[in-house]
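Trainee: Sequence and predicted structure are below.
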Amino acid sequence: MKKIQLYGAGGHAYSIIELVRSLKEYSPIQVVDDTPKLASIIGVPVLSSKEILPDIPMIISIGNNIIRKQISEKNNLEFPSFIHDSVVVYPSSKIGEGSVVFPNCVIDADVSLGDFCIVNNNATVSHNVFVESFVHIAIQACVAGGVSIGEGSLIGAGSVILPNIKIGKWATIGAGAIVTKDVPDHAVVYGNPARIII
């Protein structure tokens, strides 16, 4: 079994550790964090980020898109992707490095999922969707066909993005939002229909 280290000792690390263990290809050997507050997370020791092992692959166990990007840029390591066994990924779709897809998701036909993305439990990404890197698609979100999502955006829990919508870079879609119009870069939207609040 191959070794892997995690970066980030918050709540997301618990889910990542269990996902990695379930796939039985890698064994989590340590979690590193800039300010460790725990000695271990479900049996995996937590150490200072000064203890990063230079030749061991890493998975970033942080949900914050900005911090995930910063960590990926400062660590020249291998970043494998992890996809739970229950996930349906159509053969024409592609998933970038360092991405994590949690249980019961569907990645439909001709989807391009960038590097260091998170697709959380029970989310659906329909056909012909283009997702740039560092995007987080939260629990039970539904992304309809033909949507494009810019780098670093957060698609909130239970939100619905209607077909052919363009979500700009570093935008935030609030939980439960129904997005019926394009969303510009850096905007924050929520509601039904979703409206820009910032």
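Mentor: Okay, I see it. Being a predicted model, the structure only gives us computed values, none of them experimental.
Trainee: how far is stretch 132-152 from where the chain is centred?
Mentor: Relative to its chain's centre, stretch 132-152 lies at 9 Å (Cα atoms, centre = their mean, to the nearest Å).
Trainee: Can you list the strands that the strand ranked longest in the chain pairs with?
Mentor: Looking across the chain with DSSP state E, the single longest strand is strand 26-33. Sheet partners assigned to strand 26-33 using DSSP bridges are listed as strand 2-7 (parallel), strand 44-48 (parallel).
Trainee: Quick check: which of those has the most neighbours on average?
Mentor: Comparing the strands paired with strand 26-33 by mean neighbour count (mean count of other Cβ atoms under 10 Å), strand 2-7 comes out on top with a mean of 20. Just so you know, the C-beta spots here come from the backbone N, C-alpha and C atoms, and that holds for glycine as well.
Trainee: What's the first helix or strand after it?
Mentor: Using DSSP states H and E, the helix or strand that follows strand 2-7 towards the C-terminus is helix 11-23.
Trainee: Show residues contacting that following helix.
Mentor: With Cβ atoms under 8 Å, 6 or more residues apart in numbering as the test, helix 11-23 has contacts from 4, 6, 26-28, 31, 41-42, 44, 59, 61-63, 82, 84-85, 100, 102-103.
Trainee: got the domain boundaries for this structure?
Mentor: 2-74, 81-185 (automatic domain parsing).
Trainee: can the ones you listed go into TSV with extra columns for mean pLDDT and distance to Ile197?
Mentor: TSV is the format used below for these (pLDDT from 0 to 100; distance: least, Cβ to Cβ, whole Å):
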stretch	mean pLDDT	distance to Ile197
domain 2-74	96	19
domain 81-185	98	8
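Trainee: Out of these, which is the most enclosed?
Mentor: For those, average neighbour numbers computed from mean count of other Cβ under 10 Å are highest in domain 81-185, which has a mean of 20.
Trainee: ends of that domain, how far apart?
Mentor: End-to-end span of domain 81-185 (Cα to Cα, to the nearest Å): 27 Å.
Trainee: Same question for stretch 120-130.
Mentor: Stretch 120-130 end-to-end distance (Cα to Cα) = 17 Å.
Trainee: still on that earlier bit, relative to Ala194, which of the domains of the chain is closest?
Mentor: domain 81-185 (4.1 Å; Cβ to Cβ).
Trainee: can you give me phi and psi for the spatially most central residue of the chain?
Mentor: Among the residues of the chain, the one closest to the centroid is Ile118, at 1.2 Å (Cα atoms, centre = their mean). Per-residue torsions, Ile118: phi -120, psi 130 (degrees, to the nearest 10).
Trainee: wait, what's in contact with it?
Mentor: Taking Cβ under 8 Å, 6+ apart as the test, what Ile118 contacts is Gly63, Ser99, Val100, Val101, Phe102, Val135, His136, Ile137.
Trainee: Would you mind giving the residues you listed as a markdown table with secondary structure added?
Mentor: Output for these, formatted as a markdown table (DSSP: H, G, I helix; E, B strand; the rest coil):
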| residue | secondary structure |
| --- | --- |
| Gly63 | coil |
| Ser99 | coil |
| Val100 | strand |
| Val101 | strand |
| Phe102 | coil |
| Val135 | coil |
| His136 | strand |
| Ile137 | strand |
